[in-house]
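Enquirer: Below are the sequence and a predicted model; questions follow.
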Amino acid sequence: GAAAVAARDLAGAELHWEPAVPLPAAKASQRAALRLSEPGNKEAGLAKKLLAPPRLTAKTCVSQASGSKGLGTAGKAWFDLPAQKIDADTKRELRLLRLRGAFDTKRFYKSFDNTKFPKYFAKGTVVEGPADYYSGRLAAVQRRKATLTEQLLADAELTA
């Protein structure tokens with residue numbers, strides 16, 4: 001019958017359909033998920049989703065630091081803060097910083113670890129801005145000294 005004739009006519013025909021509405025663009029997170037779900041990369045993508053990254057310690061940061069000879073840095077998370085050599089002057093400055101609570105008893109300071117000196121630290125000078133010219137200016141007698149020790153010894157309130 002008629003159904004057999006229609007089936008014979010459609011036997012070699014192909015059906016093509018193209019939607020009139022464009023498909024929405026994939027988001028960046030969806031593209032990354034699709035990239036990870038490729039068959040060759042399936043195990044790597046699963047491992048990235050399930051496993052936590054290794055824990056960073058000071059020892060691993062020092063071993064990962066490149067370009068440093070012997071001393072090392074605190075790592076990228078600490079902006080490659082360099083390890084310092086501690087000499088007698090630096091020890092004196094760090095001891096004074098530990099005792100800063102005794103200079104002004106009305107002010108609270110977070111306590112240091114009293115057993116050892118820090119390995120990673122940086123020393124610097126305060127650079128005053130133009131707004132501090134009149135308000136926060138030190139008098140000629142109180143000018144900044146080269147070290148914290150000299151500045152504290154020159155302070156009349158502390159030595160009296």
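Expert: Great, that's in hand.

Enquirer: Run through the neighbouring helices and strands of the longest helix anywhere in the chain.
Expert: Across the chain, the longest stretch assigned as helix under DSSP state H is helix 88-98. Of the remaining helices and strands, those touching helix 88-98 by 3 or more CB pairs under 8 Å, 6 or more residues apart in numbering; DSSP states H and E are helix 148-154. No exception for glycine: its C-beta is placed from N, CA and C like everyone else's.

Enquirer: Counting by contacts, list what the helix it packs on packs against.
Expert: helix 88-98.

Enquirer: Give me the nearest residue to Leu94, chain neighbours excluded.
Expert: Phe117 (5.5 Å; CB to CB, 6 or more residues apart in numbering).

Enquirer: From Thr149, how far off is the one you found?
Expert: 16 Å (CB to CB, to the nearest Å).

Enquirer: Please list all residues in contact with the residue nearest to Leu94.
Expert: Residues near Phe117 by CB atoms under 8 Å, 6 or more residues apart in numbering: Ile86, Lys91, Leu94.

Enquirer: pLDDT score assigned to the last one?
Expert: Spelled out, that is Leu94. Predicted confidence (pLDDT) for Leu94: 90.

Enquirer: The first one now?
Expert: Ile86 is assigned 92 on the pLDDT scale.

Enquirer: Next, the contact list for it, please.
Expert: Per CB under 8 Å, 6+ apart, neighbours of Ile86: Leu94, Phe117.

Enquirer: how would you label it: helix, strand or coil?
Expert: coil (DSSP: H, G, I helix; E, B strand; the rest coil).

Enquirer: so Phe112 touches Arg98, yeah?
Expert: Yes - between Phe112 and Arg98 there is a contact under CB atoms under 8 Å: 4.8 Å.

Enquirer: residue contacts, Leu148?
Expert: By CB under 8 Å, 6+ apart, the neighbours of Leu148 are Glu93, Leu96, Leu97.

Enquirer: where's the second one relative to Ala102, distance?
Expert: Using CB to CB, Leu96 is found at 10 Å from Ala102.
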